[in-house]
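**Student:** I need the structure of the sequence given here:
(2 chains)
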Amino acid sequence: MSLKLDHVYYTYSEGTAYQMHALKDVSLEIPDGQFVGIIGHTGSGKSTLIQHFNALMKPSSGTVSWNGEDIWGEGYDRRKLRFHVGLVFQYPEYQLFEEDVLTDVKFGPKNQGLSSEEQEARAVEALKLTGVPEDLFKKSPFDLSGGQKRRVAIAGVLAMNPDMLVLDEPTAGLDPKGRDEILDQISSLHEQRGITVVLVSHSMEDVARYVKRLIVMNRGEKAFDDTPENVFDHYLELEQMGLAAPQMTYLMHELRENGLEVDVHADTVEEAEQSILAALGRG
Amino acid sequence: MDKNLTIGQYYPADSVIHKLDPRVKLIGTLLYIISLFLFHTWGYVLGVGFLAVMIILSRVPFLYMLRGVKTIWLILVLTMVFNLFLTQGTILWQAGIFKITYEGLSMAVQLGIRLVALILGASIMTLTTTPNKLTDGMESLFRPLKVVHVPVHEIAMMMSIALRFIPILMEETDKIKKAQMARGADFESGNLITKAKAMVPLLVPLFVSAFRRANDLAMAMEARCYHGGEGRTQMKPLRYESRDYVALAVLLAYFGASIAVHAALGW
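**Tutor:** Numbers count the residues shown, from 1 in each chain, chains lettered A, B, ... in the order given. Next comes the predicted model:
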């Protein structure tokens, strides 16, 4: 169940004076079970890139394949592909439309052609996974709070049981508590179900905490593709792309320059704490 | 999204017509439309010639302008066909119940020219004037109606807001459509009823978002103390320049000539 992009280009208004490359020669492979982060400045092509994952956008040139099959090949069922590669857009709560929460989450499974018992079971499971309390199931989605709506919308994609879950800025506009809860739930979903997760974010802190692999996009090109630790070593280059490494990376580099033997790869507060204590001989 | 919709689409260019005061362009368009209905035969040469000069002066590519005509081609063809076959008079050609008369042919050609010239004339105005200027112009032209309690400023404000929201709502539609497609929605296949039903997941969120945006905008306007047109001044008030007087003179000359050929020569 792997996704592969091979020399993908995407060009807006091709052949006119307004021609613009949104993606330039992007090649990458996402194997089963990875937790990948995609990061980039506004307009770096992140959103364009992920819409190629489930065939919502067609590359101007290059190929996208799922399980080794070209998804733009003749006769390929792209609608079915979207059940395997679940894509959660930014501010997904604006896509809610049904009378109650449960029916809205059932929309995906219903399109898959499942029986109504299965639809119900999938929807209930997805809502539980995203932490939506049961007493909200019969409420109108428009009466919920922002954070709850977000969970319902994510559940709407999860209910399709995708092999790969792609989330575009799932925490945008949420408070720190809501942000941590949603990211923790996504992370546990990855661990328990072994589902592949692609997290698009602009927060280096979030990404550092959860992902094992980090893809950095810059002006439509793939700038880095490595473990977060290795990517953050390039923190000066990241700054030139309008990004920044996590605050801990800066602190650790500064400490080391000032003679304290700390691990510069510590990028979360917990890791930094241990490393500093160890360097001070109190670990 | 319908990229063929030329009416209401501003085409940026640096031309005399672009620089004219919107009020002059509004009056000009009105006079031109009236003149089109005066002509019978050779008068159209005057009308089409005038239009051609305006198109050249506007520096908007002619092919781009023609896209506006595309939207009415069905009406155009139907009117022409009906007039061609259903007008009584001297028969030119006949096959069974179908006949073409001299009068029908003349009528069809005239109506065709009139419709195309009408659309092109009106689109010169919208292509060379930004929506904001257009509503400013209308507000200023219709100001006398305030005496009879027509809320001129409010209507103009509503129009400019509506125009401003068209591209936003188009973008929003695209976004919601993609989000629902990601959940397996199918907007293409099926018969008319299934297709109409498939629109519900698109239309409900679109309406919700339109109302939300309207609410936000109203709030933002109130926060900036907007209270209608009373005593409101403009950042860039409309002022007639010398080129506007020249344009008005040209327009009146054209209109006078149209009436003259109509009344004196019967064209």
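
**Student:** what sits against residue A:233?
**Tutor:** Contact analysis of residue A:233 by CB atoms under 8 Å, 6 or more residues apart in numbering or on different chains lists A:264, A:265. To be clear about C-beta, it is placed using only N, CA and C from the backbone, and glycine gets the same treatment.

**Student:** need the per-residue pLDDT for it.
**Tutor:** Looking at residue A:233, its pLDDT reads 87.

**Student:** where along the stretch 101-250 of chain A do the strands fall?
**Tutor:** Assigned by DSSP state E, counting those that start in this stretch, the stretch 101-250 of chain A shows strands spanning A:164-168, A:196-201, A:213-218, A:221-226.

**Student:** show the average pLDDT along the third one.
**Tutor:** This points to strand A:213-218. In this model, strand A:213-218 carries a mean pLDDT of 93.

**Student:** where does the residue of chain B found nearest chain A land on pLDDT?
**Tutor:** Using CB to the nearest CB, the closest approach of chain B to chain A is made by residue B:184 at 3.1 Å. For residue B:184, the pLDDT comes out at 90.

**Student:** and the residue nearest to it when sequence neighbours are not counted, how close does it get to residue B:190?
**Tutor:** Sequence neighbours aside, residue A:111 is the residue nearest to residue B:184 in space, at 3.1 Å (criterion: CB to CB, 6 or more residues apart in numbering or on different chains). Separation of residue A:111 from residue B:190 (CB to CB, to the nearest Å): 12 Å.

**Student:** those two: which has the busier surroundings?
**Tutor:** residue A:111 (20 against 12; other CB atoms under 10 Å in any protein chain shown).

**Student:** what sits against residue B:183?
**Tutor:** A:82, A:95, A:107, A:108, A:111, A:156, A:157, A:160 are the contacts of residue B:183 under CB under 8 Å, 6+ apart.

**Student:** any idea how far the residue in the stretch 51-200 of chain A that chain B sits nearest to lies from residue B:251?
**Tutor:** Nearest to chain B in the stretch 51-200 of chain A, going by CB to the nearest CB, is residue A:111, at a distance of 3.1 Å. Relative to residue B:251, residue A:111 is positioned 58 Å away (CB to CB).

**Student:** follow-up on the earlier one: make sure the residue of chain B closest to chain A is indeed in a helix.
**Tutor:** No - using DSSP: H, G, I helix; E, B strand; the rest coil, the secondary structure at residue B:184 is coil, not a helix.

**Student:** burial of it, as a residue count?
**Tutor:** So residue B:184, with other CB under 10 Å, has 20 neighbours.

**Student:** phi and psi next, for it.
**Tutor:** Here is the backbone geometry of residue B:184 (degrees, to the nearest 10): phi 90, psi 10.

**Student:** what ranges do the helices span in the chain?
**Tutor:** Because you didn't say which chain, this covers chain A. Ranges of helices within chain A are A:46-53, A:78-84, A:101-111, A:116-129, A:146-158, A:176-193, A:204-210, A:228-232, A:235-240, A:247-257, A:269-279, based on DSSP state H.

**Student:** ah, no, chain B please
**Tutor:** Counting by DSSP H, the helices of chain B are B:16-19, B:22-36, B:43-58, B:62-70, B:73-86, B:102-128, B:131-141, B:152-182, B:192-198, B:200-223, B:242-260.

**Student:** for the helix or strand bottoming out on mean pLDDT in chain B, name the packing helices and strands.
**Tutor:** The helix or strand of chain B with the poorest confidence is strand B:91-95; it has a mean of 79 (mean pLDDT, DSSP states H and E). Where contact means 3 or more CB pairs under 8 Å, 6 or more residues apart in numbering or on different chains; DSSP states H and E, strand B:91-95 is packed against strand B:98-101.

**Student:** buried set for the strand it packs on?
**Tutor:** B:99, B:100, B:101 (16 or more other CB atoms under 10 Å in any protein chain shown).

**Student:** one step back: for the strands of the stretch 101-250 of chain A, give me a markdown table that also has distance to residue A:184.
**Tutor:** Below are these laid out as a markdown table (distance: least, CB to CB, whole Å):
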| stretch | distance to residue A:184 |
| --- | --- |
| strand A:164-168 | 13 |
| strand A:196-201 | 13 |
| strand A:213-218 | 19 |
| strand A:221-226 | 25 |
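
**Student:** in TSV, list those along with mean neighbour count and distance to residue B:180.
**Tutor:** Shown next, in TSV, are the strands of the stretch 101-250 of chain A (neighbours: other CB atoms under 10 Å in any protein chain shown; distance: least, CB to CB, whole Å):
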stretch	mean neighbour count	distance to residue B:180
strand A:164-168	23	15
strand A:196-201	24	19
strand A:213-218	22	26
strand A:221-226	18	29
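
**Student:** near chain B, which residues of the stretch 51-200 of chain A show up?
**Tutor:** A:51, A:54, A:56, A:79, A:82-83, A:86-89, A:92, A:94-97, A:107-108, A:111-112, A:142, A:156-157, A:160 (CB under 8 Å from any CB of the partner chain).

**Student:** let's see that with 7 Å instead.
**Tutor:** A:54, A:56, A:79, A:82-83, A:87, A:89, A:92, A:94-97, A:107-108, A:111-112, A:142, A:156-157, A:160 (CB under 7 Å from any CB of the partner chain).

**Student:** domain assignment for chain B?
**Tutor:** Split into domains by automatic domain parsing, chain B comes to B:1-129+B:239-267, B:131-236.
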